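Colleague: What would the 3D arrangement of this be:
(chains A and B)
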Amino acid sequence: MATFIIRRIIWTIPVILLVIFMTFVMMKQIGGNPFRKTERNVPPAIQANLERKFNLDKPWYQQYVYYVKDVATFDLGPSMSQRTRTVNDIIKDGFPKSLKLGLLAFLWAVILGIPLGVLAALKPNSIFDYFAMFFSTIGFALPSFFVATLLIYYVALKWGLVPTNGWPQGFLEFDDRVILPSFALGLFPMAYFARLVRGSMLETMQQDYVRTARAKGLTYRRVVGLHVLRNSLIPAVTATAPLLGLIITGTFIIEIIFSIPGIGRYFINSVFNRDFSVVMGITVLTSLIIIIANLFVDIMYGILDPRTRDVR
Amino acid sequence: MTGKRVLLLVVALFGAFALAAAGCGGGNEESSGGTGSGGGETTPAANQTFTIGWGAEPPSLDPGLATDTTSSNVLLNIMDPLVRLNSDTLEAVPSLAESWDVSSDGKEVTFHLRQDGTWTNGDPVTASDFVYSWKRTLSPELAADYAYQLYGIEGAQEYNACQKNCDALADKVAVSAPDDYTLVVKLTSPQPWFIQQASHHSFLAVNQSAVEQFGDKWTEPQNIVTNGPFKLAKWEHDAEIDLVKNDDWRGAADVSLTSVPGKIIVDGTTRVQAFESGEIDALDGGGLPPDEIARLKETPEYEAYPALGTYYYGFNIKNISDIHERRALSLAVNRQEIIDQIAQADQIPATGMSPQGISGFDTINPNSPWTPAAGDLDQAKDELSQAASPKTDINLFFNDSPGHKEIATAVQAQWKELGINTTLKQQEWAQYLEFLGPPPNDAVDVYRLGWIYDYPDAINGLDLWTCDSGNNNTNFCDKSYDDLVAEARETPDDTARYDIYAQLEDKLFGQDGQLPILPIYWYTYPNLEKLSIKDTFNINPLDQFDLTQVTVKG
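Modeller: Numbering: from 1, shown residues only, chains lettered A, B, ... in the order given. Sure thing, here's the model as predicted:
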């Protein structure tokens, strides 16, 4: 198991290098001048000063080496559009906020999505089931930005229950401003969990061991609570990694709508501003998160099912 | 939060959700929006707190590095500029400089500074602070985007473009402080607009000791040293920027506001919603979502300020080479309809380059026969018939920000009446700017751009159309035009200079004008402001506001 984990960690390095290379090539390809933000043309002397300052006057392979060096030393350099901040500053300020948003969204998914799925499976074709499946279908179908706008309009503006935007600063600070954004972002994973849990519960209920447990006289409550639920949650656990990717990309738009100072918003702005250093920094960071999440899932697979270890 | 409230929220979330599912967007019933106190009483409120909704995170609060409106407006309220602009006439009025002299040849300006300006660290504000700051902005190491604002100063451009031996060139920048309260600036030519230009944030002083002690981090609230009517109390990046009154400022007795909390809300719709829910008292003039303007215009909190800015379509005159065709295209555009139906924010149909509100407008405006507000289709057809070989398939390029496509579609329909087929081509902003040039791109027949003035003198817009201007993508190049621009730069007398501007406008849009561009409208800054501050909160045509003038009504 240890060699498997070490091997996977070593494999991360070429993956990150490839991510840096792809991002680098794409950023160079889309064109645009990072120092020209308005219709005003940048005078040549000023353009030259700026390019020198940010090493853009060097040949492309040298710039690539700089980026790799930056990533390797965890010093991602200065931002090109926010001249008094470094990429590290931006990540340090924004990442905890995005992480909190993602975790809360996930929490909604778990505390609402799973019970909804369980309820639906216990009483198939009942009114609960229809409600849960209706809910999960629209959860799949409605894009989060639409849900977000609607929530702000009704819950915040019309009914005045919560503020329309904003976010508590500290990682462990919570107030009523976290509710709408995390719900809007959590809706899709919630719907996904509900559907997944319902399906796997229904399947598990058909298993022989469930019938055996019932036959030997265990109460229904005990059978469902102990055996069925535990076994039906495994697919939900394995679905976590891909859902994490969805949550990360989802934060980008939710952060803009709710004015949350996370890194997703920076990422979008930086692409428009051609702020290469910020784009690179955040891409590497999100890649790392996804790589780690996948590694975690693979390790879980390895533990649950030893056969997967031999294949690799 | 109580358990009941949580329950209520969960119910509310499901409720909102059910509405969404039912596909009902909500029957937009009339909400008056304003929870603020209306009424006409003029007594100031006891609580002089004014919450503002900023449209963006200020990218930098370093006057040398700031390039955008948000940073500029924060800076102009926490710093003390040499001069400010009268918000109606745009004339320079004394601020930190109590007076100034201009030499008879117009090339030397002497500012006399007030002696009671102080930095928040207790140091007096002196002329040498300005010498230091301006040279810092020009230094190639700082690589300031807006260093060119200072290019009017003798030796400035040379120093900024310097590659080696820069110290020697720095010494040659002609700004000096013969004593603590006298600042002498030598200009490369008489620049009558220089005094007004000195109100721009690029001309603010920075505190040398703070800059040297904290480096790049000197603008963080715990480090920053300022000298203006307000102090930076808090800056949570991308979330909040709070200003408080500086009681030690020289004019503090006349400042009503005690606290100006600011929320940074980037999304336009969210910003409007925050205003309507009472979380902010005013927006910063950064614009309203185009699809909301029609509704918001009907509310008493709406206000549109005239701007010094021109929204135009540029012609590539190599591709659309016949003047008769350019006249026809201009005549066919119904500017008034575009404003009423699409732009909607009380913009003014543009009849030339230099916008209404610029000094000398009445003299300068060309009274062009080719830019009637409502268009003139018959005359357009007549002109087109005189064109030898008109180009009937035109590519029209614009960027993908909200609103441009709708205007382009309207123009496309209006040109269709002439029998001209227009293909609309939309691009993302940064790509678009690179695509346009310079040098002008041959693939472009017509392109959209705007020009927002840096300072209130018509030269700032007219010199775009010189042969070697970096902003001229039209291929229009007329030696006599360039000569007149050069002559204007050497003419300190306003009346004489406005006459030259009138000749320049005439060369562009007059009876025999070349029409390298088709001006569409002059911008406005549409805004939302609570009635309690609406009278005293004003945005000037350069998109600046002065919080010292604001009083919250009771």
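
Colleague: isn't residue B:360 right next to residue B:494, touching?
Modeller: Yes - using C-beta atoms under 8 Å, residue B:360 is in contact with residue B:494, at 6.6 Å. Bear in mind the C-beta positions are built from the backbone N, C-alpha and C, glycine included.

Colleague: Compare these two (neighbour count), which wins?
Modeller: residue B:360 (17 against 14; other C-beta atoms under 10 Å in any protein chain shown).

Colleague: Not counting sequence-adjacent ones, nearest residue to the more buried one?
Modeller: residue B:498 (3.5 Å; C-beta to C-beta, 6 or more residues apart in numbering or on different chains).

Colleague: separation between that neighbour and chain A?
Modeller: 24 Å (C-beta to the nearest C-beta, to the nearest Å).

Colleague: before we move on, which element is that residue in?
Modeller: Secondary structure from DSSP states H and E places residue B:498 in helix B:494-509.

Colleague: Give me the buried stretch members for that helix, please.
Modeller: Using 16 or more other C-beta atoms under 10 Å in any protein chain shown as the burial criterion, the residues of helix B:494-509 that qualify are B:497-509.

Colleague: of all these, which two lie farthest apart?
Modeller: Spatial extent of those (C-beta to C-beta) is set by the pair B:497 and B:509 at 18.6 Å.

Colleague: anything in the lengthiest strand in chain B near chain A?
Modeller: Looking across chain B with DSSP state E, the single longest strand is strand B:302-315. No - applying C-beta under 8 Å from any C-beta of the partner chain, one finds strand B:302-315 separated from chain A by no less than 10.2 Å.

Colleague: following that strand, which helix or strand comes up?
Modeller: Once the chain leaves strand B:302-315, the following helix or strand, as judged by DSSP H and E, is helix B:323-332.

Colleague: So which elements touch that next one?
Modeller: The contact analysis (3 or more C-beta pairs under 8 Å, 6 or more residues apart in numbering or on different chains; DSSP states H and E) places helix B:323-332 against helix B:377-386, helix B:404-416, strand B:517-528.

Colleague: Now mean neighbour count, distance to chain A and mean pLDDT too, for these, in JSON lines please.
Modeller: Converted to JSON lines, these look like this (neighbours: other C-beta atoms under 10 Å in any protein chain shown; distance: least, C-beta to the nearest C-beta, whole Å; pLDDT from 0 to 100):
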{"stretch": "helix B:377-386", "mean neighbour count": "16", "distance to chain A": "28", "mean pLDDT": "96"}
{"stretch": "helix B:404-416", "mean neighbour count": "18", "distance to chain A": "13", "mean pLDDT": "96"}
{"stretch": "strand B:517-528", "mean neighbour count": "25", "distance to chain A": "12", "mean pLDDT": "96"}
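
Colleague: would you turn those into TSV with distance to residue A:54?
Modeller: Compiled in TSV, these are given as follows (distance: least, C-beta to C-beta, whole Å):
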stretch	distance to residue A:54
helix B:377-386	49
helix B:404-416	30
strand B:517-528	32
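
Colleague: closest one to residue A:205 among those?
Modeller: Comparing the helices and strands packed on helix B:323-332 under C-beta to C-beta, the one sitting nearest is helix B:404-416, at 54.4 Å.

Colleague: could I have the closest one exported to PDB, CA atoms only?
Modeller: Extracted in PDB, the C-alpha atoms of helix B:404-416 (Å, rounded to 0.1, in the frame of the first residue of the first chain):
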ATOM      1  CA  HIS B 404     -22.600  46.500 -27.900                       C
ATOM      2  CA  LYS B 405     -24.200  43.600 -29.800                       C
ATOM      3  CA  GLU B 406     -27.700  45.200 -29.500                       C
ATOM      4  CA  ILE B 407     -26.400  48.500 -30.900                       C
ATOM      5  CA  ALA B 408     -24.500  46.700 -33.700                       C
ATOM      6  CA  THR B 409     -27.700  44.800 -34.600                       C
ATOM      7  CA  ALA B 410     -29.600  48.100 -34.800                       C
ATOM      8  CA  VAL B 411     -27.000  49.700 -37.000                       C
ATOM      9  CA  GLN B 412     -27.000  46.500 -39.100                       C
ATOM     10  CA  ALA B 413     -30.700  47.000 -39.700                       C
ATOM     11  CA  GLN B 414     -30.400  50.700 -40.400                       C
ATOM     12  CA  TRP B 415     -27.600  50.000 -43.000                       C
ATOM     13  CA  LYS B 416     -29.700  47.300 -44.500                       C
END
